[in-house]
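>>> with the input below, show me the fold.
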Amino acid sequence: MKNEDRTFIALDLGTSNILAFVAKQGIVYNEPSIMAYDMITNNLTALGQEAYDMMGKVHSNIKMVVPIRDGVITDLDAAKDLLKHIFAKLQMLNDWKNSIILLACPSEVTELEREALKQVAYDMGAEIVVIEEEVKMAALGAGLNIDIPKGNVVIDIGGGTTDIAIISAGDVVISKSVKVAGNAFDEEIKKYIRSEYNVTIGSKTAENLKKELGSLAKYKGEKTMSVFGRDIVSGLPKEAVISSEEVRNVLVNAFSKITDLVIEIMENTPPELAGDIISHGFTICGGGSLIRGVKEYFNGIFSVPCSISPNPLTGVVEGAKNFQRVINNRIESGYYGKNAKDAKKGSQSNYI
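Model (predicted):
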């Protein structure tokens, strides 16, 4: 089959959001990666934004399921269900048949986890499945020319993981992943408010605090925000007033784990590439790059120039779109196997 007869689909299977890109159509889906099941009938009642809006507000017969945590499929059946419903909702399920699927995954996904990711796509009818590191796709989506022999440091702060990589001459030279990202920031905010105010708040409230007040450096117009939760002593509803400075202290402490990982990578970087990094600095991608002062934070610690991706939330699928040309060339050269049967065996040559 010719490449032009296959549908190219790129998926960013994020912990917080799932994005789907289809060639000639663009981004067709961008919603939270959460589902709501009726426990009595075992039917899916809501997914995406509709399910997200239900979080923390449902009875015991409704089960909230997040099939992808920290960039890894934790519930294979739910993941299949999610993708099928997404494309059925978009009336595009037939596009999966004989398609080329590019799946973006965190740097340290294991071989078994890669196989689980591929199996989801194959079970839905894909012919060829390519797995690429999210951070590499994010670099392409940020507009970096990764093909030239020049060191580029990319810090991709997502929902479940932060991926850090040095990319040169078209591929990843060294990469590391840490499970400290958007969701972990929310949890740290929840822990702080519980310990300081004796108030338990929900994940959505913590996320709102992060978005409204979160910063890594002082900024003009700092403010306070009232949040409502449950008093851990009396069990009654209680209000707490949180300041920007409090949220900043929580985030700076959480970000220290990311900076430690950057230092670890830099210590293992070839000297010639280290020289490039001093000149060109870091590119910061992912939803975490939207936190105020993140560029100044890394610049202050490492004394290198930093830039934010122009499309931090959609950069991975934008990069995957740009990578389609490379995949087509490799298909023509026989890189992924001679036919679909070879691909479905899950041989080493069927992913990068």
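>>> quick one: Thr74 from Ser33, how far?
11 Å (C-beta to C-beta, to the nearest Å). Using the backbone N, CA and C atoms, a C-beta is placed for each residue, glycine as well.
>>> list phi and psi for Glu212.
Main-chain torsions, Glu212, degrees, to the nearest 10: phi -80, psi -40.
>>> equivalent analysis for Val304, please.
Phi and psi for Val304, reported as degrees, to the nearest 10, are phi -130, psi 150.
>>> give the contact list for it.
Contacts for Val304 (C-beta atoms under 8 Å, 6 or more residues apart in numbering) come out as Ile277, Ile278, Gly281, Phe282, Phe298.
>>> assumed the second one was part of a helix.
Pointing back at Ile278 there. Yes: applying DSSP: H, G, I helix; E, B strand; the rest coil, one finds Ile278 inside a helix.
>>> now it, nearest residue through space, not along the chain?
In this structure, Ile278 finds its nearest non-sequential neighbour in Val304, 6.0 Å apart by C-beta to C-beta, 6 or more residues apart in numbering.
>>> repeat that for the last one.
In space, not counting the residues next to it along the chain, Phe298 is nearest to Cys306; the distance is 4.9 Å by C-beta to C-beta, 6+ apart.
>>> hmm, Gly48 is touching Ile34, no?
Yes: with contacts counted by C-beta atoms under 8 Å, Gly48 reaches Ile34, the gap being 7.4 Å.
>>> of those two, who's got more company?
Ile34 (25 against 21; other C-beta atoms under 10 Å).
>>> now the more buried one, what are its backbone angles?
Dihedral angles for Ile34 - degrees, to the nearest 10 - are phi -140, psi 150.
>>> right, and it touches Tyr52 too?
Yes: here Ile34 reaches Tyr52: they are 5.4 Å apart, a contact under C-beta under 8 Å.
>>> element containing Val241, please.
Assigning secondary structure by DSSP states H and E places Val241 in strand 237-243.
>>> what sits up against that strand?
193, 197-199, 201, 209, 213, 222-231.
>>> neighbouring strands of that strand in the sheet, and parallel or not?
strand 224-231 (antiparallel) (DSSP bridges).
>>> for the strand it pairs with, C-alpha coordinates in PDB please.
Output of strand 224-231 as PDB, limited to C-alpha atoms (Å, rounded to 0.1, in the frame of the first residue of the first chain):
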ATOM      1  CA  THR A 224      -4.700  36.000  47.300                       C
ATOM      2  CA  MET A 225      -7.300  33.400  46.500                       C
ATOM      3  CA  SER A 226     -10.100  31.900  48.700                       C
ATOM      4  CA  VAL A 227     -10.500  28.100  48.500                       C
ATOM      5  CA  PHE A 228     -13.100  26.000  50.200                       C
ATOM      6  CA  GLY A 229     -12.600  22.500  51.500                       C
ATOM      7  CA  ARG A 230     -13.300  20.300  54.500                       C
ATOM      8  CA  ASP A 231     -11.900  20.900  57.900                       C
END
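>>> what's next to that strand, contact-wise?
Under C-beta under 8 Å, 6+ apart, the answer for strand 224-231 is 193, 198-202, 205, 208-209, 212-213, 236-244.
>>> then stretch 266-284?
Here stretch 266-284 has contacts from 139, 142, 144, 150-155, 157, 166, 168, 173-174, 262, 294-295, 298-299, 302, 304-309, 312, using C-beta under 8 Å, 6+ apart.
>>> ends of stretch 45-56, how far apart?
Chord length of stretch 45-56, first to last residue, is 15 Å (C-alpha to C-alpha, to the nearest Å).
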